[in-house]
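1. fold the following and give me the result.
(one chain, ligands or ions: 2)
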Amino acid sequence: MSMSRTAAGDVARVLTEALPYIQRFTNKTIVVKFGGNAMIDDKLKEQFARDIVLMKLVGMNPIVVHGGGPQIGDLLKRLAIESHFVDGMRVTDTPTMDVVEMVLGGSVNKEIVSLLNRNGGKAIGLTGKDGQLIRAKKLKVTQRTPDLAKTEIIDIGHVGEVEKINTEVLDMLVNSDFIPVIAPIGVGADGASYNINADLVAGKVAEVLKAEKLMLLTNIEGLLDKSGKVLTGLSTEQVDALIADGTIYGGMLPKIGCALSAVNAGVVSAHIIDGRVPHAVLLEIFTDTGVGTLITNTQSELD
Ligand SMILES: Nc1ncnc2c1ncn2[C@@H]1O[C@H](COP(=O)(O)OP(=O)(O)O)[C@@H](O)[C@H]1O
Ligand SMILES: CC(=O)N[C@@H](CCC(=O)OP(=O)(O)O)C(=O)O
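-> Ligands and ions are numbered 1, 2, ... in the order given. Down below sits the predicted model:
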């Protein structure tokens, strides 16, 4: 197939632009959270898989952590089990936990593994139970009483927080050129299963592996301000103010919380990216045009 001179020029420009990024990120760990909402379109899923495989082929170490909230919601609905959220976390009773484990550890995880493998990668799917990858404990949630007079602890069931990530399993896989695909299910000291928000797992994995980047793919352009405009870059202090005034709420709360704690723990940058944009991952990694919101600890990165 022949190419016009302009098209060839465009391709050459894009490839040249990619070169410094390939050099900068060789051998670096990049944790990508694939959100359940970004996972709905077949074409986007295929493009996502190709982007991850490409990263691996040029020498980066991508690690995928996936969500599956909408997919869990669909099965719960078919089973006529009601579900609701507190601060972006699904209240998880025992029947709900069974469904969460079935959907995240089963169909969703295997679909992503299979997509990566079909596109030339070597992917291995894991839940936090495999090799005790994610040790978890029950998450304690505090909420203000309706009269706002005091805070109280509320029970949201089998929802966990990460206690420890067992990096041994991940190191072993990455050193053998596998792409780990992690479902956000934790295991307690007694073997119990915990439902963990996928953003929180991705953040912790990025922290313990001292990742270069944490990329959170979602179904919105990025972090929006009060007027609905994307905030392209912001520092930790700015985020605190946006939470306090209610601009950040619901599912964005755990996302921002984990992005902040990751950059505070040494991850170079965290990105909230619009997973509805074709090849969003590729654009973020290999081009000068960032997509979405960048959160970093270093002011210079934002200038
Ligand atoms: N300031 C904000 N900017 C953008 N989205 C926000 C903001 N505050 C709350 N949200 C909500 O957070 C959602 C993203 O979280 P969530 O639905 O849990 O995504 P995912 O399934 O990808 O993890 C957005 O679709 C939006 O409804
Ligand atoms: C505790 C909690 O809320 N767990 C999530 C786990 C899946 C998830 O995080 O999926 P998304 O990233 O697609 O939202 C849930 O049950 O939906």
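2. show me what from the chain comes close to ligand 1.
-> 35-38, 67, 69, 88, 199, 218-220, 223-224, 247-252, 255 (Cβ under 6 Å from any ligand atom). Where you see a C-beta, it was placed from the backbone N, CA and C, and this is true even at glycine.
3. of those, list those near ligand 2.
-> Among the residues of the chain next to ligand 1, the ones lying close to ligand 2 by the criterion of Cβ under 6 Å from any ligand atom are 35, 36, 37, 67, 69.
4. quick check: which element contains the closest residue to residue 151 other than its chain neighbours?
-> Of all residues beyond its chain neighbours, the one nearest residue 151 is residue 142 (4.6 Å), with distances taken as Cβ to Cβ, 6 or more residues apart in numbering. Under the criterion DSSP states H and E, the helix or strand holding residue 142 is strand 141-144.
5. same question for residue 16.
-> Judged by DSSP H and E, residue 16 forms part of helix 5-25.
6. roughly how far is the helix or strand just after that helix from the heart of the chain?
-> Next in sequence after helix 5-25, counting helices and strands by DSSP H and E, comes strand 29-34. The chain centre lies 6 Å from the centre of strand 29-34; the measure is Cα atoms, centre = their mean, to the nearest Å.
7. pLDDT on the strand holding residue 142, on average?
-> What strand 141-144 shows for mean pLDDT is 83.
8. identify all contacting residues around that strand.
-> With contacts defined as Cβ atoms under 8 Å, 6 or more residues apart in numbering, strand 141-144 is touched by 86, 87, 89, 150, 151, 152, 153, 154, 156, 159.
9. restricted to buried residues, select those in ChimeraX.
-> In ChimeraX, this line selects whichever of those come out buried by 16 or more other Cβ atoms under 10 Å:
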select :87,89,156,159
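10. ok now the strand holding residue 142, how far from the chain's centre?
-> From the chain centre to the centre of strand 141-144 is a distance of 25 Å (Cα atoms, centre = their mean).
11. quick one: is it near ligand 2?
-> No - Strand 141-144 stays clear of ligand 2 (Cβ under 6 Å from any ligand atom), getting no nearer than 10.2 Å.
12. following that strand, which helix or strand shows up next?
-> strand 151-154.
13. and the helix or strand following that following strand, which strands flank it?
-> Later in the chain than strand 151-154, the nearest helix or strand by DSSP H and E is strand 160-165. Sheet pairing for strand 160-165, assigned by DSSP bridges, gives strand 134-138 (antiparallel).
14. can I get the partner strand in PDB? Just the C-alpha atoms.
-> Extracted C-alpha coordinates of strand 134-138, given in PDB (Å, rounded to 0.1, in the frame of the first residue of the first chain):
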ATOM      1  CA  ILE A 134      -3.500  -8.700  47.600                       C
ATOM      2  CA  ARG A 135      -3.800  -9.100  51.400                       C
ATOM      3  CA  ALA A 136      -6.800  -7.100  52.600                       C
ATOM      4  CA  LYS A 137      -8.700  -6.200  55.700                       C
ATOM      5  CA  LYS A 138     -12.200  -4.900  56.200                       C
END
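15. nearest to ligand 2: which residue in the stretch 201-303 of the chain?
-> residue 251 (6.1 Å; Cβ to the nearest ligand atom).
16. give me the nearest residue to the spatially most central residue of the chain, chain neighbours excluded.
-> Compute the mean C-alpha point of the chain, and by Cα atoms, centre = their mean the closest residue is residue 33, 2.0 Å away. Distance criterion Cβ to Cβ, 6+ apart; nearest residue to residue 33, sequence neighbours excluded, is residue 202 at 3.7 Å.
17. correct me, but that neighbour touches residue 34?
-> No - assessed by Cβ atoms under 8 Å, residue 202 is found out of contact with residue 34, at 9.1 Å.
18. got any ranges where the stretch 51-200 of the chain has weak pLDDT?
-> Residue ranges of the stretch 51-200 of the chain with pLDDT under 70: none are present.
19. please pick the buried ones from the residues of the chain next to ligand 1.
-> 35-38, 67, 69, 88, 199, 218, 220, 223-224, 247-248, 251-252, 255.
20. among those residues, which are in strands?
-> residue 218 (DSSP state E).
21. hmm, who's touching the helix holding residue 16?
-> By Cβ under 8 Å, 6+ apart, the list of residues contacting helix 5-25 reads 3, 55, 58, 59, 60, 212, 213, 285, 286, 287, 288.
22. how far away is whichever residue of the stretch 201-303 of the chain sits closest to ligand 1 from residue 115?
-> The stretch 201-303 of the chain approaches ligand 1 most closely through residue 251 (2.1 Å), counting by Cβ to the nearest ligand atom. Distance of residue 251 to residue 115, given as Cβ to Cβ, to the nearest Å: 24 Å.
23. I'm done for today, thanks for sticking with me.
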